[in-house]
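*Asks:* This is a predicted model, with the sequence first.
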Amino acid sequence: MFGIPGKQAITMTPRAVKQISTLMGRDGHQGLRIGIKKGGCAGMEYTMDYAVEIDPNDEVVEQDGARVMIAPMAQMFLFGTEIDYEVSLLESGFRFRNPNVADACGCGESIKFKDVEELSAERDGG
């Protein structure tokens, strides 16, 4: 498990909690598993899938009945992220406000993270 003792790895806005809880109620899902993968014009993309079961290596975050599991390889990159759910005239979906992102592409689907050494130094307080 990665992170600071007593602090959740991620937080969710009330809109995200409501949407995740609604999705959990369908088909008996345990929650949503988020991660990252290589891809997109900036180098990395977020992934989000239904979780049928909880992997013992996942970081589990529960907030007001909503559950999110963070895949092991994504934990360092997602620490401190706020998940929101936005609805507009043209689209709706989850939005990640991630302090670890160094750059993002114009479409908002692809991100580039700070260097691993820089992330580790920030987590260790200096």
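*Replies:* Now that the structure is in, tell me what you want to look at.
*Asks:* drop to CA atoms for contacts and neighbour counts, all remaining ones
*Replies:* Noted.
*Asks:* next structured bit after the lengthiest helix in the chain?
*Replies:* Taking DSSP state H as the criterion, the chain has its longest helix at helix 14-25. Using DSSP states H and E, the helix or strand that follows helix 14-25 in sequence is strand 31-38.
*Asks:* now the helix or strand harbouring Glu62: mean pLDDT?
*Replies:* Using DSSP H and E, the secondary-structure element containing Glu62 is strand 59-63. What strand 59-63 shows for mean pLDDT is 94.
*Asks:* how about that strand: buried residues?
*Replies:* Using 16 or more other Cα atoms under 10 Å as the test for burial, strand 59-63 gives Glu59, Val60, Val61.
*Asks:* check contacts around the closest residue to Glu62 other than its chain neighbours.
*Replies:* Spatially, and ignoring its direct neighbours in sequence, Glu62 is nearest to Val68 (6.5 Å; Cα to Cα, 6 or more residues apart in numbering). Shown in contact with Val68 (Cα atoms under 8 Å, 6 or more residues apart in numbering): Gly31, Leu32, Arg33, Ile34, Val60, Val61, Glu62.
*Asks:* Mind doing that once more with 10 Å?
*Replies:* Residues in contact with Val68 (Cα atoms under 10 Å, 6 or more residues apart in numbering) are 10-12, 17, 20, 30-34, 48-51, 54, 58-62.
*Asks:* Of these, which count as buried by neighbour count?
*Replies:* 10-12, 17, 20, 30-34, 48, 50-51, 54, 58-61.
*Asks:* Please name the bridge partners of the residue nearest to Glu62.
*Replies:* Leu32, Val61 (DSSP bridges).
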